[in-house]
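1. give me a model of this one.
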Amino acid sequence: MKKIQLITDGACLGNPGRGGWAAILRYGDKTKEIFGCEPHTTNNRMELKAAIEGLRILREECEVEIITDSEYMKNGITSWIAGWKKRGWLTAAKKPVVNRDLWEELDFQNQRHRTVWSWTKGHASHDDNNRADELASLAAKEQRNSG
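-> Next up is the predicted model:
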């Protein structure tokens, strides 16, 4: 099984505002960068979109280490989601889960692979996280997609 490292980030100019997401995939000595944008969104939605698109691009089941600077996303997918699903997509406070559409898609993509989720401090010493931030910010600013 291929071992992939996926580094993700999201950015938003205003919150809500113009948003961008980016994912960097590493496999051996190969690197692929993907990014995209939305005209009116939130930072949390862009964080989720980066992980979804990074996992979606993988055509076969892989072992994936996902590195994010979003505690919201890491905690959501590794801890909170089980309770949300058990409660019919309601939070512990009995309110609808925000960004449910993206959480459901991330859950689906996450289950296609063997994943380990890691958190890194944003805007710090992780070169790939800094590059993902740069790409996501550029996509938000220029409203530009990779491809």
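2. please name the nearest non-neighbouring residue to residue 49.
-> Distances taken as Cβ to Cβ, 6 or more residues apart in numbering put residue 21 closest to residue 49, at 4.4 Å, once the chain neighbours are dropped. The way it works is simple: take the backbone N, C-alpha and C, and place the C-beta from them, glycine included.
3. where does the one you found sit, in terms of helix or strand?
-> Following DSSP states H and E, the helix or strand that holds residue 21 is strand 17-27.
4. with residue 125 instead?
-> Here residue 125 is assigned to no helix or strand, by DSSP H and E.
5. returning to that earlier point: state the pLDDT value of the residue nearest to residue 49.
-> Looking at residue 21, its pLDDT is 98.
6. and the contacts of stretch 58-77?
-> 1-10, 25, 44, 47-48, 50-51, 54-55, 103, 106-107, 110, 112-123, 126, 128-129, 133 (Cβ atoms under 8 Å, 6 or more residues apart in numbering).
7. and if you look at stretch 103-115?
-> The contact list for stretch 103-115 (Cβ under 8 Å, 6+ apart) reads 1, 48, 51-52, 55-56, 58, 61-66, 73, 76-77, 81, 84-85, 97.
8. can you flag which of those residues belong to strands?
-> 63, 64, 65, 66 (DSSP state E).
9. beta partners of the last one?
-> With beta bridges defined as DSSP bridges, residue 66 has these partners: residue 6, residue 117.
10. how much space between it and residue 60?
-> 17 Å (Cβ to Cβ, to the nearest Å).
11. where along the chain do the helices fall?
-> Secondary structure of the chain (DSSP state H): helices located at 43-56, 71-75, 81-86, 100-111, 127-142.
12. which one of these is the most hemmed in?
-> Comparing the helices of the chain by mean neighbour count (mean count of other Cβ atoms under 10 Å), helix 43-56 comes out on top with a mean of 24.
13. got the CA coordinates for that helix in PDB?
-> Extracted in PDB, the C-alpha atoms of helix 43-56 (Å, rounded to 0.1, in the frame of the first residue of the first chain):
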ATOM      1  CA  ASN A  43     -11.900  29.600   6.500                       C
ATOM      2  CA  ASN A  44     -13.200  26.400   8.100                       C
ATOM      3  CA  ARG A  45     -14.900  25.400   4.800                       C
ATOM      4  CA  MET A  46     -11.600  25.900   3.000                       C
ATOM      5  CA  GLU A  47      -9.700  23.800   5.600                       C
ATOM      6  CA  LEU A  48     -12.200  20.900   5.000                       C
ATOM      7  CA  LYS A  49     -12.100  21.300   1.200                       C
ATOM      8  CA  ALA A  50      -8.300  21.000   1.200                       C
ATOM      9  CA  ALA A  51      -8.400  17.700   2.900                       C
ATOM     10  CA  ILE A  52     -11.300  16.400   0.800                       C
ATOM     11  CA  GLU A  53      -9.600  17.300  -2.500                       C
ATOM     12  CA  GLY A  54      -6.300  15.900  -1.300                       C
ATOM     13  CA  LEU A  55      -7.800  12.500  -0.400                       C
ATOM     14  CA  ARG A  56     -10.200  12.500  -3.400                       C
END
